[in-house]
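Chemist: pasting the structure only:
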């Protein structure tokens, strides 16, 4: 037993000696840790301004530019990868952030950028050219009392704006006032190289399935059930964003492939057979699951009431 104890003591001394040799033959002893940087009030304020500026810039990116399966994957991956990265480099990240927020140049840049964003929200400095159909319409911006000419440049601030469009239209010798309320959110993009707002009046269009188009001999509702119409605009008659984002559900329309819209004819007993479309030129194709698509026809929308007939599907 004594021999075993002596062996253990000798092994412990050997291990201790090896540790001393390694320590002495290694690199120079590490320098003492630098004093921990602590964020102050101004550091926190500048970091908040940076966050607000980044959020504002992201807000200005068009919605269609950040949609799709690749962006969805990126949105899912960022929290995971970013969280792991932060855990690994938490100490370095904190020091780097504090040092950056303490930089005079960085502070001045963030304060100036925030001031520019604040003033741009309220000051009308962005020129926008609105295209209205009919062109004789007049515009009231943000519930103002002054009517603006859409053929002239309209100066807007960066905040979202509401447009109240009014025009008179002769219907059988009787003047009728039409109105449409729209919203322009991304004013900056419209002013600098972006797509200019294009808004058109909406007209009702009635779709009927007739045995002999033009003869008035329509088929019964049971034959029309399940029949849909694919509506495709020509290049000069596209659907404006306000129409696509707000009006489709109320007009019983759905988005289809390649920028088209789908209108489903009423089911048995449903008297509603019409929808509204912006003034313009379109083509439409009737179709139904299990049937051959009907012939494509041209459709010109611009009269107060439009009735369109097509042959039963085979």
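Modeler: Cool, the structure landed. Remember, it's a predicted structure, so these values are computed and weren't measured experimentally. Numbers count the residues shown, from 1 in each chain.
Chemist: hmm, who's touching stretch 226-236?
Modeler: Applying CB atoms under 8 Å, 6 or more residues apart in numbering, the contact partners of stretch 226-236 are 207, 209, 239, 256, 258-265, 277, 280-289, 299, 310, 313. The way it works is simple: take the backbone N, C-alpha and C, and place the C-beta from them, glycine included.
Chemist: Can you give me the domain assignment for the chain?
Modeler: Each domain of the chain is listed here as a residue range: 41-122, 126-200, 202-310, per automatic domain parsing.
Chemist: mean pLDDT lowest for which of those?
Modeler: Mean pLDDT is lowest for domain 41-122 out of the domains of the chain, coming in at a mean of 74.
Chemist: Between the two ends of that one, how far is it?
Modeler: 28 Å (CA to CA, to the nearest Å).
Chemist: hmm, back to that, switch the domains of the chain over to CSV, and while doing so, append mean neighbour count to every line.
Modeler: Compiled in CSV, the domains of the chain are given as follows (neighbours: other CB atoms under 10 Å):
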stretch, mean neighbour count
domain 41-122, 12
domain 126-200, 15
domain 202-310, 15
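Chemist: Contacts for stretch 258-277 next, please.
Modeler: Identification of contacts with stretch 258-277 by CB under 8 Å, 6+ apart yields 202-209, 221-222, 224-233, 238-239, 247-248, 251-256, 301.
Chemist: rerun that using 7 Å as the cut-off
Modeler: 202-209, 221-222, 224-225, 227-232, 239, 251-256, 301 (CB atoms under 7 Å, 6 or more residues apart in numbering).
Chemist: Also stretch 163-171?
Modeler: 132, 134, 136-141, 143, 175-182, 184, 199, 304.
Chemist: could you pull out the strands for the stretch 1-150 of the chain?
Modeler: Taking DSSP state E, counting those that start in this stretch as the test, the strands found in the stretch 1-150 of the chain are 126-128, 131-133, 138-141.
Chemist: want to throw the ones you listed into a markdown table with distance to residue 46?
Modeler: What follows is these, written out as a markdown table (distance: least, CB to CB, whole Å):
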| stretch | distance to residue 46 |
| --- | --- |
| strand 126-128 | 28 |
| strand 131-133 | 43 |
| strand 138-141 | 36 |
